[in-house]
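1. Sequence first, then the predicted structure:
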Amino acid sequence: MEYTPLLLKGFSAWIVYHGASHVVRGIKEYLPQIERAKLPPSTVSLMDSQIRFLGGTYIGYGAALCWASYDIKERQLLLNILLAGLALGGIGRAISAGVFGWGFPWVQRATITEIVVPPLVYWFGSRKYV
């Protein structure tokens, strides 16, 4: 039994779920009202817009990942692009943490996941389909 497609489908469902949560809840998911009140309205608006936009892109990313998992051999290029994009996003988070600090504890976990998981998926899973 091939586990890579199953794991990719599960991961894509998780990404779509989190994307939908971002779209629906926006900044309220991360900053309580008391914290938002300390920020200028334009900053809150920008942060909310970015979080909801990224949620939409997560939904699209998850859908593309799920689609690629159905035929990894034929969709290898797409899968590699998605994995590279995830790793680059993690590197971007690491740079941000170096400049501004980690902020929330989950950001560090997300960064590690985004940097470590793509090479593992490639090395232990998708490369054997080439």
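-> Structure received.

2. Outline the domain layout of this protein.
-> 1-70, 71-130 (automatic domain parsing).

3. what's next to the helix or strand of the chain with the lowest mean pLDDT, contact-wise?
-> Least confident helix or strand, the chain: helix 105-124 with a mean of 91, by mean pLDDT, DSSP states H and E. For helix 105-124, the external contacting residues (CB atoms under 8 Å, 6 or more residues apart in numbering) are 4, 7-8, 80, 83-84, 86-87, 89-91, 93-94, 97, 102. Placement of C-beta: from N, CA and C, glycine included.

4. before we move on, back to that, could the domains of the chain go into a markdown table alongside mean neighbour count?
-> Listed next are those as a markdown table, based on neighbours: other CB atoms under 10 Å:
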| stretch | mean neighbour count |
| --- | --- |
| domain 1-70 | 15 |
| domain 71-130 | 14 |
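
5. Out of those domains, name the one with the poorest average pLDDT.
-> The minimum mean pLDDT among those belongs to domain 71-130 (a mean of 91).

6. From the chain's centroid, how far away is it?
-> 8 Å (CA atoms, centre = their mean, to the nearest Å).

7. One more: stretch 47-60?
-> Computed by CA atoms, centre = their mean, the separation of stretch 47-60 from the middle of its chain amounts to 10 Å.

8. C-alpha coordinates for it, CSV please?
-> This file holds the C-alpha atoms of stretch 47-60, laid out as CSV (Å, rounded to 0.1, in the frame of the first residue of the first chain):
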residue,chain,number,x,y,z
MET,A,47,-3.7,42.3,9.1
ASP,A,48,-7.3,41.0,8.8
SER,A,49,-7.2,41.4,5.0
GLN,A,50,-3.9,39.5,4.8
ILE,A,51,-5.0,36.7,7.1
ARG,A,52,-8.3,36.2,5.1
PHE,A,53,-6.4,36.4,1.8
LEU,A,54,-3.9,33.9,2.9
GLY,A,55,-6.7,31.6,4.1
GLY,A,56,-8.1,31.7,0.5
THR,A,57,-4.7,30.8,-0.9
TYR,A,58,-4.4,27.9,1.7
ILE,A,59,-7.7,26.5,0.4
GLY,A,60,-6.4,26.7,-3.2
